[in-house]
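Visitor: Provided below are the primary sequence and the corresponding predicted coordinates.
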Amino acid sequence: MADATRPLPNAREPDTGAFWEATKNHELRYQRCNDCEAVIFFPRRHCTSCLGQNLEWQASKGEGTLYTYSVVRQSYHPFFKARAPYAVAWIDLDEGPRILSNLVGIEDPTRDLTIGQRLRVEWEDHEHLAIPLFRPI
Amino acid sequence: MSENGRSVKSGQTRDAAIVGIHEFPSRDVEGQLSPLQIKAECAARALEDAGLSLGDVDAIYDAGEAGGMAGLGISEYLGIRPNVIDTTMVGGSSYEFHAAHAKRAIAAGKAKVALLSYGSTAHSNAFAIGVGGHGGGGGMPGPADNMERFCGMTLVSNYAMVAHRHMHEYGTTSEQLAEISVATRLHAMRNPEAVQAMRALEFMDIRETTIQDVVSSRMIADPLHLLECCMISDGGGAVVIASPEVARDCATPPVWILGGGEATKYPENGGDITTSAAAQSGPVAFAEAGVSPDEIDIAMIYDSFSITVLTLLEDLGFCKKGEGGSWVEGGRLRFDRPSDGPALNTDGGGLSSNHPGMRGIFLLIEAARQLRGQSCSQVEGASLAVAHGNGGMLGSRHCAGTVILGRD
Ligand SMILES: [Zn+2]
């Protein structure tokens, strides 16, 4: 399974395509509602507070804190099986969005992670988009 | 007000009752039966249990898990023409929704006899439910899945993230979570069908467990160990729900559906992952039933994982949020400790008896057994039960169905 690849998002998905499009330039985007100032994430066409469509893309600085995580020891997916143990995490970006990702740059994820620790985005480049991963600061 | 000599609380309605139940005894059909065949056999046995026949059924509840168009496929296969067709599909919580909806349809005079059925060959099909796939937005294509599928979140790790945050915020320990596995296994060892299930699924060690056994079992996704994860079996079941007029003449004592609640939960920016949809569905169900958590004798709580039960016990109000860990300590959930609160999953649960993917129907079945006095781990004088189904994923998006049941 040497050619096993990460399952990649669909860059043409109607709501989130523009998010993935921006990752080509290593921009981590989220939306804010111009009418009620709500932060919307995952991206969609409307505001989840007022249902309006007056949304504006914002660029995150790419820093946040570890909200929670798990270390996957067992996976049948060929790409992930080869990488176990690896960390899956919910990360709270400083601007408000909570994003799901993997944590990288950790010697032993079963020991070296602490909820609340600071993280920064790091990009894994693919042909048509880049995947946002997070590394401890 | 009184009925059969027992008091009925004011405001409490008794407009539908579980009158027939059946749990398919085998957990490994070796690929010899289809989910539809399992559903049909369970329907026959549950109707027999009630003393009713197929022609009495005028409402069908079907999650569509056996394929075909939900509600239609099962009606044709059984040979019935129901007046009420409800195809609510919310994963493992579907059957709690079905029971509550059947109560409403019967109370509204739309039906007299409702049939719920479930069949699955998840084990024979060798579905790697817990550790297969990429665990994105519940496997459903769409915007949420498109944001999550890249990171290899298995189902176990989804739940494990709730456990980690619970430990961080409230000091909950693996030893406390293990109490849930230990109590459930104790009940399973008293249930011959559960023991047979563990043999069929080739469990390595079929015996009562200790907290040490659980915390020293293999880690699957930190902080959840192997013995905190449910089995993947074949199986099925059926439940027959009838109006009071029909129930009066049935072969079994009625198990009244006193209240129901339903809710959704999904990730929100800044949200609390340690609180589930049960915090919304529970109070609605208890209020309709006119009872409080401290009156409940039997807690049939969806035990996909240890953390599921701990979270749901808190959200249903058995203890305060964050106090579940210390609350379950010392074997409190065992069937033989009734003065300490409800007995948990007295059939052995999804952890040690039956989990073919959507366990919700077994929560109703074992609750009914307890209220009839027929459980293998019978709680003396049990009169009130809660069945709570969690469908979807606890750590991201899920539905909750709470049903309160009571006997005469
Ligand atoms: Zn808005």
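Guide: Everything's here; your move.
Visitor: please make it C-alpha for all contacts and neighbour counts, starting now.
Guide: Noted.
Visitor: residue of the stretch 1-150 of chain B closest to the ion, please.
Guide: B:P143 (18.9 Å; Cα to the ion).
Visitor: number of nearby residues for that residue?
Guide: Each residue near B:P143 was counted by other Cα atoms under 10 Å in any protein chain shown, and the total is 19.
Visitor: any weak-confidence spans in the chain?
Guide: I'll assume chain A. Along chain A, segments meeting pLDDT under 70 span A:1-3.
Visitor: try chain B instead
Guide: Checking chain B against pLDDT under 70 turns up B:1-8, B:10, B:127-140.
Visitor: please repeat the previous calculation with a cut-off of 80.
Guide: B:1-11, B:126-141 (pLDDT under 80).
Visitor: that one against chain A: which residues are in contact?
Guide: Counting by Cα under 8 Å from any Cα of the partner chain, chain B comes close to chain A at B:128, B:131-134, B:142-144, B:146-154, B:157-158, B:160-162, B:164-165, B:168, B:219-223, B:268-270.
Visitor: hmm, 7 Å instead?
Guide: Selection of chain B residues close to chain A by Cα under 7 Å from any Cα of the partner chain yields B:131-134, B:143-144, B:146-154, B:157, B:160-161, B:164-165, B:220-223, B:269-270.
Visitor: in helices only, show me those.
Guide: Per DSSP state H, helices hold the following members of those: B:P143, B:A144, B:N146, B:M147, B:E148, B:S157, B:A160, B:M161, B:H164, B:R165.
Visitor: now for these: which two are most distant?
Guide: Distance extremes for these: the farthest pair is B:P143 and B:H164 at 26.1 Å, using Cα to Cα.
Visitor: how far is the helix ranked longest in chain A from where the chain is centred?
Guide: Counting by DSSP H, the longest helix found in chain A is helix A:17-23. Offset of helix A:17-23 from its chain centre (Cα atoms, centre = their mean, to the nearest Å): 12 Å.
Visitor: so after that helix, what's the next helix or strand?
Guide: strand A:29-33 (DSSP states H and E).
Visitor: give me phi/psi at B:A285?
Guide: phi -70, psi -40 (degrees, to the nearest 10).
Visitor: which residues touch it?
Guide: When contacts are counted by Cα atoms under 7 Å, 6 or more residues apart in numbering or on different chains, B:A285 touches B:G259, B:G260, B:G261, B:T402, B:V403, B:I404.
Visitor: and A:P7, how far from B:F150?
Guide: According to Cα to Cα, to the nearest Å, A:P7 stands 5 Å off from B:F150.
Visitor: ok, those two, which is more surrounded?
Guide: Applying other Cα under 10 Å to A:P7 and B:F150 shows that B:F150 carries more neighbours, namely 21 against 17.
Visitor: output the contacting helices and strands for the strand ranked longest in chain A.
Guide: The longest strand of chain A (DSSP state E) is strand A:63-72. Here strand A:63-72 touches strand A:86-93, strand A:118-125, helix B:155-170, strand B:219-221, going by 3 or more Cα pairs under 7 Å, 6 or more residues apart in numbering or on different chains; DSSP states H and E.
Visitor: need the contact list for B:V195.
Guide: So B:V195 contacts B:A188, B:M189 (Cα under 7 Å, 6+ apart).
Visitor: so it, which state does it fall into?
Guide: Following DSSP: H, G, I helix; E, B strand; the rest coil, we place B:V195 in the helix state.
Visitor: quick check: it vs chain A, distance?
Guide: Per Cα to the nearest Cα, to the nearest Å, B:V195 is found 26 Å from chain A.
Visitor: please apply the same query to B:R14.
Guide: B:R14 is 39 Å from chain A, by Cα to the nearest Cα.
Visitor: hang on, that residue packs against B:L258?
Guide: Yes: using Cα atoms under 7 Å, B:R14 makes contact with B:L258 at a distance of 6.3 Å.
Visitor: pick out whichever of those two has more residues nearby.
Guide: Counting neighbours by other Cα under 10 Å for B:R14 and for B:L258 shows that B:L258 has the greater number, 28 against 21.
Visitor: tell me what the helix or strand where that one lies is packed against?
Guide: Assigned by DSSP H and E, B:L258 belongs to strand B:255-265. With contacts defined as 3+ Cα pairs under 7 Å, 6+ apart, the packing partners of strand B:255-265 are strand B:17-23, helix B:94-107, helix B:278-289, strand B:398-407.
Visitor: format those as JSON lines; extra columns: distance to A:C36.
Guide: Shown next, in JSON lines, are the helices and strands packed on strand B:255-265 (distance: least, Cα to Cα, whole Å):
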{"stretch": "strand B:17-23", "distance to A:C36": "48"}
{"stretch": "helix B:94-107", "distance to A:C36": "35"}
{"stretch": "helix B:278-289", "distance to A:C36": "26"}
{"stretch": "strand B:398-407", "distance to A:C36": "27"}
